[in-house]
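[1] show me the folded form of this:
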Amino acid sequence: MKTAKVVSVLDRGPLDRSHDSGVAASRVARMSDLLRRYPAIDDRDREQLLGFLTAGDQGEIVQATHLQGLEAQLNAFRKDHSRQFRAGLMGWLPTMLFLGIPILGVAWRLLMWS
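    Sure thing, here's the model as predicted:
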């Protein structure tokens, strides 16, 4: 019988990018620190954190939040800044097109047969 190897977040291997040095690693460390201290940060730091979480690289965001165990702080930050994290019309547009075009096609076909 084969068993699956289960790897936890704590068992990070060589593919983990947190070992990188340079600007990206320092940015991830800074954002983790800001998120850890949230809500006791000033407005300038809050804007930096907001910019990082809304427009940053997904891998860096995961490193700064989930790999550091800061999910509760991330949820609190997103709740306090829900307006900036909404998908909006542009976020829903691909889904509406994906569902709307086939529905319109079927409706057009049914109307042509009538």
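
[2] residue 39 against residue 80, yeah?
    Yes. Between residue 39 and residue 80 there is a contact at 7.3 Å, judged by Cβ atoms under 8 Å. Glycine gets a C-beta too; all of them are placed from N, C-alpha and C.

[3] so if I had to pick from those two, which one is more boxed in?
    Between residue 39 and residue 80, counting by other Cβ atoms under 10 Å, residue 80 is the more crowded of the two (13 against 9).

[4] for this structure, what spans make up the helices?
    For the chain, the helices identified by DSSP state H occupy 23-37, 43-55, 58-64, 71-80, 82-85, 88-113, in order along the chain.

[5] please report how far residue 74 lies from residue 49.
    The gap separating residue 74 from residue 49 is 10 Å, by Cβ to Cβ, to the nearest Å.

[6] who touches both of these two?
    Residues touching both residue 74 and residue 49 by Cβ atoms under 8 Å, 6 or more residues apart in numbering: residue 35.

[7] for residue 30, which non-adjacent residue is spatially closest?
    Nearest-residue entry for residue 30: residue 48, 8.0 Å, with adjacent residues in sequence omitted and distances by Cβ to Cβ, 6 or more residues apart in numbering.

[8] residues in contact with the one you found?
    Shown in contact with residue 48 (Cβ under 8 Å, 6+ apart): 30, 31, 34.

[9] what's the spacing between it and residue 69?
    Distance check for residue 48 against residue 69: by Cβ to Cβ, it reads 21 Å.

[10] one more: residue 77?
    Here residue 77 is placed at a distance of 15 Å from residue 69 (Cβ to Cβ).

[11] burial count for residue 41?
    Other residues within reach of residue 41, judged by other Cβ under 10 Å, total 17.

[12] swap in residue 68?
    Residue 68 is flanked by 20 other residues according to other Cβ under 10 Å.

[13] quick check: it touching residue 32?
    Yes. Checked against Cβ under 8 Å, the pair residue 68 and residue 32 is within contact range at 4.8 Å.

[14] could you list the domains of the chain?
    Domain assignment of the chain by automatic domain parsing yields the ranges 1-80, 88-114.

[15] for the helix or strand bottoming out on mean pLDDT in the chain, packing partners?
    Among the helices and strands of the chain, helix 82-85 carries the lowest confidence by mean pLDDT, DSSP states H and E, at a mean of 76. Contacts of helix 82-85 with other secondary structure elements, assessed using 3 or more Cβ pairs under 8 Å, 6 or more residues apart in numbering; DSSP states H and E, are made with helix 43-55.
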